[in-house]
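[1] Any chance you can model this:
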Amino acid sequence: MKLVVFSSKLVWANPESPSGYSTDGGFAFQMAAISQIFDEIIIVVPFSKNRFIDGEVNIEGHNLKVYPLANIKGHGLKRKMYYIPWLLRNIFIFNNLINSADAVHTPIPSDMGTLGMVLAKLKNKPLFVRYCGNWLVQRTRAMKFWKWFMEKYAGGKNVMLATGLQYGAPSKKNPNIKWIFSSSLSRLEMINLKRGLPRLDIKDPRLIIVCRIEERKGVDKVIMAVNLIKDNYPTIHLDVVGKGQELEKLRNMVNELNLYKNVTFHGKLNHENVLNTLKGAHIFCYPTTASEGFPKVVLESLAAGLPVFGTPVSAIKALLKGGGGVVLEDAKPETLAWELKNLLLHPEKYILMQQEALNTAMGFSLEDWRDTIKLYLQNAWGL
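    Residues are numbered from 1 along each chain as shown. Okay, here's the model as predicted:
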């Protein structure tokens, strides 16, 4: 069975990659896992002439090919202006690829995914839609359209999955929409992460946060929490992994608070180096107020044996319900600082949290993710 995937995930040429292309984040791992379900898979994605070494991941998989298209120029309103001419240039390519496919997969939010989703429905192709944002919050017209589309057409040959981990079904209007978690960790990686688990040093605690460096992700809150407890723990250290528009502002904050010895900015790291950096820490802090679907880095931290201190956003509360961390009442630095001090004063709790973290993570491997999707597709398509 041939699957065509339409996604807005940016790729670039890499002669060292088996497919000839690379990207960043968990997309490549998930496409490799999905490729194991099908005889052939073609991934239609926007192409960048620039290569981004930081965080680079090769795209590869079983009989997997990449079909690159010119990227839509600009951002925001400018991007929308360029969308129509881009669409006119590529509509026949979309049409031909969908005609050649036995089924279509569209991860959304995505411009290209939206187009592929609509065309696949018009052509009555078996459709697999995976909503990767926060299903519980629809702020824009596009988000409302995606939810409307999924609720209207889920069922039969149309498999619709919402990324998250919640009690109850995603939709009261259409029970055919199902929850799906997200992962980029193989079982082997989880086993390897369990080796040499961190031991909490109450005199020298190491905190970490991994995310896009944006305003609502909470990096500033973690930095301020470090400042609140550094008098009691002078050698406390925070590793900040990621890049984004708030990075320079946070660097200035660290200097103003005289925390340059306590905070290290690593920039964007590839998958392997993220895992290695997690293994060097004791506690993962994530006081986010952003719209999250299923933050994979929380799962990666739990798999590395790190208790997670996070806000009850989307899947985080459910992931921590077993005791693998602390669900913060709010995202205030004072709240995080108090909870950190409470754990450091009672280090015997750390081992229990660590074990629960590991127990939780083992149910969310990339293979489990693939097999869950395969079961849904088998029931709908008879694979």
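
[2] quick check: longest strand of this structure.
    Longest among the strand segments of the chain by residue count, using DSSP state E, is strand 40-48.

[3] so what does the lengthiest helix in the chain touch, helix or strand wise?
    Longest helix in the chain, counting residues (DSSP state H): helix 76-100. Under the contact definition 3 or more C-beta pairs under 8 Å, 6 or more residues apart in numbering; DSSP states H and E, helix 76-100 sits against strand 2-6, strand 40-48, strand 64-70, helix 111-122. Any C-beta I mention is one placed from the backbone N, CA and C, and that applies to glycine too.

[4] With mean pLDDT and mean neighbour count added, can I get these in a markdown table?
    Listed next are those as a markdown table, based on pLDDT from 0 to 100; neighbours: other C-beta atoms under 10 Å:
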| stretch | mean pLDDT | mean neighbour count |
| --- | --- | --- |
| strand 2-6 | 98 | 24 |
| strand 40-48 | 96 | 20 |
| strand 64-70 | 96 | 17 |
| helix 111-122 | 93 | 21 |
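
[5] and the longest strand of the chain with strand 64-70, angle?
    30 degrees (axes from the mean of the first three to the mean of the last three C-alpha atoms, to 10 degrees).

[6] Could you tell me the angle between the direction of strand 40-48 and that of helix 111-122?
    140 degrees.

[7] Could you identify the helix or strand that succeeds strand 40-48?
    strand 56-58 (DSSP states H and E).

[8] Quick one: mean pLDDT for the longest helix of the chain?
    Mean per-residue pLDDT for helix 76-100: 85.

[9] what angle sits between it and strand 64-70?
    Here the directions of helix 76-100 and strand 64-70 differ by 140 degrees (the same axes, to 10 degrees).

[10] list the buried ones in helix 76-100?
    Trp86, Asn90, Phe94, Leu97, Ile98 (16 or more other C-beta atoms under 10 Å).

[11] what about the last one, distance to Pro85?
    If I follow you right, that is Ile98. 21 Å (C-beta to C-beta, to the nearest Å).

[12] What of the fourth one?
    In this view, Leu97 and Pro85 are 20 Å apart by C-beta to C-beta.

[13] How is Glu329 assigned, secondary-structure-wise?
    coil (DSSP: H, G, I helix; E, B strand; the rest coil).

[14] And the pLDDT for the nearest residue to it once chain neighbours are set aside?
    Ranked by C-beta to C-beta, 6 or more residues apart in numbering and with sequence neighbours excluded, the top spatial neighbour of Glu329 is Thr335, at 5.7 Å. What the model reports as pLDDT for Thr335 is 97.

[15] which stretch of helix or strand covers Thr335?
    Going by DSSP H and E, Thr335 is part of helix 333-345.

[16] Which positions in that helix come out as buried?
    If you call a residue buried by 16+ other C-beta under 10 Å, then helix 333-345 has these buried ones: Pro333, Thr335, Leu336, Ala337, Glu339, Leu340, Lys341, Leu343, Leu344.

[17] So what's the residue count around Thr264?
    Number of residues near Thr264 (other C-beta atoms under 10 Å) recorded here: 15.

[18] How about the secondary structure of it?
    Quick answer, by three-state DSSP: Thr264 is strand.

[19] partners of it in the sheet?
    Taking DSSP bridges as the rule, Thr264 bridges to Asp239.

[20] Now do the closest residue to Ile43 other than its chain neighbours against Leu64, distance only.
    Nearest residue to Ile43, sequence neighbours excluded (C-beta to C-beta, 6+ apart): Val5, at 4.6 Å. For Val5, the distance to Leu64 equals 9 Å [C-beta to C-beta].
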